[in-house]
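In: next come a sequence and a model predicted from it.
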Amino acid sequence: MNYIDLFAGAGGLSEGFTKAGFSPLAHVEMDKYACDTLRTRTSYHFLKEKNELDLYYDYLCQHISQEQFFGNIPDTLLESVIESEIGDDTIDGIFEKIDHCINGSKIDIVVGGPPCQAYSSVGRSKINSIANRNVKDDDRYILYKQYGRFIQRYQPEYFVFENVLGILTAEGGDLIKQIARYFEEECGYNIQWQILHANHYGVLQLRKRVIIIGRRGLSPFDYPLPQTVTQERDWTVKKALLSDLEYLYPGQERHISRYKTNKSSDYLESNNLRSEAGFVTQHITRPHNKRDLAIYAQAIIKWKSRERLKYTDVPQHLRTHKNVSAFLDRYKVVDPDGLSHTVVAHLSKDGHYYIYPDENQVRSLSVREAARIQSFPDDFYFEGGRSAAFKQIGNAVPPQLAFAIAQKMKEVFVKEEVAI
């Protein structure tokens, strides 16, 4: 079962589909660092299949350069990551590169999620606030049509389209109707959609996403709802962050960090997140000034009483803003005894909204901790440095959610194959 991944980001969707047994033929992504991450992960899967992961670990440990590492990977695999914005001016070139990658193979499913800024309520508000701008004038607003051009060309049996909840409410609910009409009338696909809660599928955060499934032909079909896995499990952030990762102080960078215990939590074990190599990469955190650390400490103490620190609780001498009537939740501790709030790309800007839940380690989350909350496995490496890694993690589809979707789609393919 072959697929292509559009607007691929760091490859969260792709990781889940590959884990479920689908084969990626091409990824399309505009961000350079995310493309480097996709190439590195593509190389990992290639080496794993050949039982040659020692080469991958040598690269992670910086024993060999990236050039030396990629020199051991077939060019066809590296070229399957297409670094390009998707638009009218680029799409023909992208088609040409994909055609070269697939070499006549059938594409069974297309996956991807166009950038959500133009669909989210916050993003729409920001765009509309700009003088003489309307969200409908933003190119990102109609990226679903660019997505559809790949559907039209490659005619997969199904497609999976991921996005934010705002896609259902934009234009008072008319946008999703326009999208449905477009895929039906222009592409020949019937679509269904559901709001999926990531925490129902092994992701330790409160994250809701709209997952649109399209099926070739106009006959109605039942939405392939994934099987939930966490309703009866006692999985918490504590079991992902506080069990086996080494102590960090603000600004410390453990690019290679050994597990502090051989014992894995049931969460990490059940989802197979720990690395077979016995270490994690990118357990690094940003530095903080004394003011922020003092506020973080207050936020952690207050959270022990299950209360959130409001900006009005911050002493005057620690405040940097005069606004005490809006955005009072500027500082937020990740809940160790439950689920994290949604991880977003703003994490690359500062760590105020993702404070580590331990008064003995007053800081924000490390790259690896944020990746774990997003359900990325410990052997997943993000290229481009700390800020680029945070951005990729925040923008990603959680791999465990993607895996649940992919497993269900695999069942659908098997059933339909048997029926044929």
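Out: Received it, and whenever you're ready, just let me know what you need.

In: quick one: mean pLDDT over the helix ranked longest in the chain.
Out: Once the chain is assigned using DSSP state H, the helix that runs over the most residues is helix 399-419. Mean pLDDT, helix 399-419: 90.

In: please apply the same query to stretch 349-359.
Out: Mean pLDDT, computed over stretch 349-359, is 93.

In: contacts for the helix or strand harbouring residue 39 next, please.
Out: Residue 39 is part of helix 32-49 when elements are defined by DSSP states H and E. Helix 32-49 has contacts (Cβ atoms under 8 Å, 6 or more residues apart in numbering) with 8-11, 14-15, 18, 24, 27, 29, 53, 55-56, 59, 69-70, 72-74, 77-78, 80-81, 83, 379-385, 388, 391-392. To be clear about C-beta, it is placed using only N, CA and C from the backbone, and glycine gets the same treatment.

In: try it again at 7 Å.
Out: Where contact means Cβ atoms under 7 Å, 6 or more residues apart in numbering, the residues beyond helix 32-49 that reach it are 8-11, 18, 27, 29, 53, 55-56, 69-70, 73, 77-78, 80-81, 83, 379-384, 388, 392.

In: counting by contacts, list what the longest helix of the chain packs against.
Out: helix 12-19 (3 or more Cβ pairs under 7 Å, 6 or more residues apart in numbering; DSSP states H and E).

In: what comes up buried for the helix or strand following the helix it packs on?
Out: Per DSSP H and E, helix 12-19 leads on to strand 23-29 as the next helix or strand towards the C-terminus. Across strand 23-29, burial judged by 16 or more other Cβ atoms under 10 Å covers 24-29.

In: for strand 23-29, which strands pair with it and how are they oriented?
Out: Sheet pairing of strand 23-29 (DSSP bridges) gives strand 2-6 (parallel), strand 81-83 (parallel).

In: can I get it in PDB? Just the C-alpha atoms.
Out: Once non-C-alpha atoms are left out, strand 23-29 reads as follows in PDB (Å, rounded to 0.1, in the frame of the first residue of the first chain):
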ATOM      1  CA  SER A  23       5.100   2.500   2.000                       C
ATOM      2  CA  PRO A  24       6.000   6.200   1.300                       C
ATOM      3  CA  LEU A  25       6.800   7.100  -2.200                       C
ATOM      4  CA  ALA A  26       7.200  10.800  -1.800                       C
ATOM      5  CA  HIS A  27       6.900  13.600   0.700                       C
ATOM      6  CA  VAL A  28       6.300  17.300  -0.300                       C
ATOM      7  CA  GLU A  29       7.300  20.000   2.200                       C
END
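
In: that one vs helix 12-19, what angle?
Out: Strand 23-29 runs at 170 degrees relative to helix 12-19, counting by axes from the mean of the first three to the mean of the last three Cα atoms, to 10 degrees.

In: pretty sure residue 259 contacts residue 276?
Out: No: between residue 259 and residue 276 there is no contact under Cβ atoms under 7 Å: 11.4 Å.

In: so for those two, which sits in the more crowded spot?
Out: residue 259 (19 against 12; other Cβ atoms under 10 Å).

In: so what's the more buried one closest to, chain neighbours aside?
Out: Leaving aside its chain neighbours, residue 259 sits nearest to residue 244 (4.7 Å; criterion: Cβ to Cβ, 6 or more residues apart in numbering).

In: surely that neighbour and residue 262 touch.
Out: No: look at residue 244 against residue 262 with Cβ under 7 Å: they stay out of range, at 8.5 Å.

In: so which of the two has more stuff around it?
Out: residue 244 (20 against 8).

In: so this protein: which segments form each domain?
Out: Using automatic domain parsing, the domains assigned to the chain come out as 2-225+398-419, 237-395.

In: that older thread, how about the longest helix of the chain: buried residues?
Out: By neighbour count on 16+ other Cβ under 10 Å, the buried set for helix 399-419 is 399-410, 412-413.

In: circling back to that earlier point, and the angle for the helix holding residue 39 with helix 12-19?
Out: Using the same axes, to 10 degrees: helix 32-49 against helix 12-19 is 10 degrees.

In: in helix 32-49, which residues are buried?
Out: Per 16+ other Cβ under 10 Å, helix 32-49 contains these buried residues: 33-47.

In: toward the C-terminus, what is the element adjacent to it?
Out: Counting by DSSP H and E, the next helix or strand C-terminal to helix 32-49 is helix 53-60.

In: tell me the buried residues in that next one?
Out: 53, 55-57, 59-60.

In: ditto for stretch 333-353
Out: Under 16+ other Cβ under 10 Å, the buried positions of stretch 333-353 are 333-336, 338-341, 343-345, 347-348, 351-353.

In: which residues touch it?
Out: With Cβ under 7 Å, 6+ apart, stretch 333-353 has contacts from 199, 204-207, 236-238, 242, 286, 299-300, 303, 330-332, 354-357, 364-365, 370, 373-374, 387, 390-391, 393-395.

In: just the buried ones from those, in PyMOL syntax?
Out: Buried residues within those, by 16+ other Cβ under 10 Å, are selected in PyMOL with:
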select buried, resi 199+204+205+207+236+237+238+242+286+299+300+303+330+331+332+354+355+356+357+364+365+370+373+374+390+391+393+394+395
